[in-house]
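Trainee: Structure for the following, please:
(one chain, ligands or ions: 1)
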Amino acid sequence: TVVILDFGGKYAQMVARRVREAQVYCELLSYKTPWEEILQRQPKAIILSGGPSGIFTDNAPACDERVFNGDVPILAIGYGMQLMVKSLGKDIKPGSKREIGPADLLVDIDQGLFQGMGRKMTVFMDSGDLPASLPEGFEVLAHTQKTPFAAIGNGKNLYGVQFHPEESHTQCGREILNNFLFGIAGCSGTWSTRAFIQEQIKLIKDKVADKKAICALSGGVDSSVAALLVHKAIGDNLTCIFVDHGLLRKNEAENVIKTFKDKFHMNLIAVDASKRFLSKLKGVTDPEKKRKIIGEEFIRVFEEEAAKLGKVNFLVQGTVYPDVIESVNPIGGAVKSHHNVGGLPEDLEFELIEPLRELFKDEVRKIGLELGLPEELVYRQPFPGPGLAVRVLGEVTEDKLSILREADFIVTDEIKKAGLYKELWQAFAILPNIQSVGVSADRRTYTHTIAVRAIVSEDGMTGEWARLPHDLLDSISTRITSEVEGVNRVVYDITPKPPSTIEWE
Ligand code: XMP
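Mentor: Coordinates of the predicted model:
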């Protein structure tokens, strides 16, 4: 195991992804984790992530000092390097300017960390406050014009860099990380998806034995892969419950049923609860109220179905690593306030099985493909738990849903045909509940407007509106106004997040 100490921001996650890409297993721990707990993981190496904090801010985060006094190989990045230098007894002097962004790195010692990659490269710098001098035994491995100590090391186990090797803009970033992992720390790159599947199947088999498990299957990537993996382990002792709340996209429910029942022969209970949800949503216009109603009703339907199964001991959930990290954000503060439908309350009397808890999304996708899940499902764009209810603005009715469903289908279809589906974080239609005047065959019409939203994003936290080709927008608009009855106008949303959110509600 490689332990990554997380100093906040998105840096640590990125480092973890790079380490996993090198087929090395790693775990993210809060920077506060005591040395004893770190040691329990028997780390082959420890990486200190950069972080948004400065060493001079109040309550600047600091890890257990024993990290620097043992003989575990350490790579301290950005803020982590300042902390290491300070812990080893040297002063950091406040920098007047932070050097952030690409810079030319000149390598002074092209061995160890910089083995085999030439003397000059572009790196993504992030240095503000700088060491006044180096701790004993350390030497400069590389510098930039502005930053004399851009990379340092003690020739034994301690290394520090003032740039981000995990950043895609850092040339040779992977090689530098790999030199640290394989050359310096002696890790072996043997962590693989296939081995993971075998290991999980065995663990789940041992855990469940001949008891029963259930899973709330949504048709999204995470719950699908989790269900499939558990099914491989325990077969018919797993029952999946698929609640169709009537707020799904065109053909979605049929596809889920086809995939899991017909293709994988899983025990699937599909509940068509659309009437129930729609009647609960009648007259409700407030977005948060809609979310709450849908969340609660979902749990009710799920519990009713689960109760019919008799004694069930385990609940399978598609929790993935970013969910876990978000819920233990080291700097504190909730990142996400979304109520995720399918997120069940914690007081249900089940023991949890979360086979994907340690995986990133791209790893979950690889496992899905390996398990034979159709590509279409594996590469599905995210879809909110409350479904189309947050895309029909205001009151949700069957008529509005049906207009939106058709329009949304066309948006997806055209985007897929243009080969852009995988490149976009999300692309979908919204029914803003506005009617406007139009003309059709010389007759005045007064019907709905459809808004189209397409977003480019890494993680949904921020996003740009996609610069879709005009011809593509044109075919979307032409098809929607001609094929979907009740729509005479199509608009394209050109706001990034922030200030807008991705969804309209
Ligand atoms: P926003 O609209 O907040 O969306 O920019 C960010 C991401 O979260 C999804 N989203 C939701 N997912 N339940 C969910 O499970 C929700 O209530 C919800 N609201 C938004 C949204 O689709 C985007 O990917």
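Trainee: Under the pLDDT cut-off, which ranges of the stretch 51-200 of the chain? List them.
Mentor: For the stretch 51-200 of the chain, no stretch has pLDDT under 70.
Trainee: what about 80?
Mentor: Scanning the stretch 51-200 of the chain with the threshold set as pLDDT under 80 gives 95-99, 127-128.
Trainee: what about Ile201, how many neighbours?
Mentor: Ile201 sits with 17 neighbouring residues when counted by other Cβ atoms under 10 Å. Placement of C-beta: from N, CA and C, glycine included.
Trainee: May I ask which helix or strand encompasses the residue nearest to His164 when sequence neighbours are not counted?
Mentor: Leaving aside its chain neighbours, His164 sits nearest to Phe124 (4.8 Å; criterion: Cβ to Cβ, 6 or more residues apart in numbering). Element membership for Phe124, per DSSP states H and E: strand 120-127.
Trainee: ok, then the element right after the worst-scoring helix or strand of the chain on mean pLDDT?
Mentor: Using mean pLDDT, DSSP states H and E, helix 321-327 stands out as the lowest-scoring helix or strand of the chain, at a mean of 75. Once helix 321-327 ends, the next helix or strand along the chain (criterion: DSSP H and E) is strand 351-353.
Trainee: May I see the buried residues of that following strand?
Mentor: Counting neighbours by 16 or more other Cβ atoms under 10 Å, one finds that the buried residues in strand 351-353 are Ile353.
Trainee: Please state the offset of that strand from the chain centre?
Mentor: Centre-to-centre, strand 351-353 and its host chain are 22 Å apart (Cα atoms, centre = their mean, to the nearest Å).
Trainee: and it, what other elements does it pack with?
Mentor: Contact analysis of strand 351-353 by 3 or more Cβ pairs under 8 Å, 6 or more residues apart in numbering; DSSP states H and E lists helix 193-208, strand 314-316 as its packing neighbours.
Trainee: Note down every partner strand of it and its orientation.
Mentor: Sheet pairing here is set by DSSP bridges, and for strand 351-353 it gives strand 314-316 (parallel).
Trainee: ok, and what's touching the partner strand?
Mentor: By Cβ atoms under 8 Å, 6 or more residues apart in numbering, the surrounding residues in contact with strand 314-316 are 207-208, 211-215, 226-227, 230, 238, 344, 348, 350-355.
Trainee: Quickly note the distance from Val140 to the ligand.
Mentor: Distance, Val140 to the ligand, by Cβ to the nearest ligand atom, to the nearest Å: 43 Å.
Trainee: so what's that residue bridging to?
Mentor: Ile152.
Trainee: what pLDDT does the residue lying closest to Glu395 once chain neighbours are set aside get?
Mentor: Distance criterion Cβ to Cβ, 6+ apart; nearest residue to Glu395, sequence neighbours excluded, is Thr285 at 5.3 Å. You'll see Thr285 listed with a pLDDT of 98.
Trainee: Thr285 touches Gly394, doesn't it?
Mentor: Yes - between Thr285 and Gly394 a contact is recorded at 4.6 Å, counting by Cβ atoms under 8 Å.
Trainee: since we're on the residue of the stretch 51-200 of the chain found nearest the ligand, how many residues are nearby?
Mentor: Going by Cβ to the nearest ligand atom, the ligand is nearest to Pro52 of the stretch 51-200 of the chain, at 21.2 Å. Burial measure for Pro52: 15 neighbouring residues, criterion other Cβ under 10 Å.
Trainee: what does Lys263 give?
Mentor: Other residues close to Lys263 by other Cβ under 10 Å number 11.
Trainee: before we move on, what about Asp459?
Mentor: Neighbours of Asp459 using other Cβ under 10 Å come to 12.
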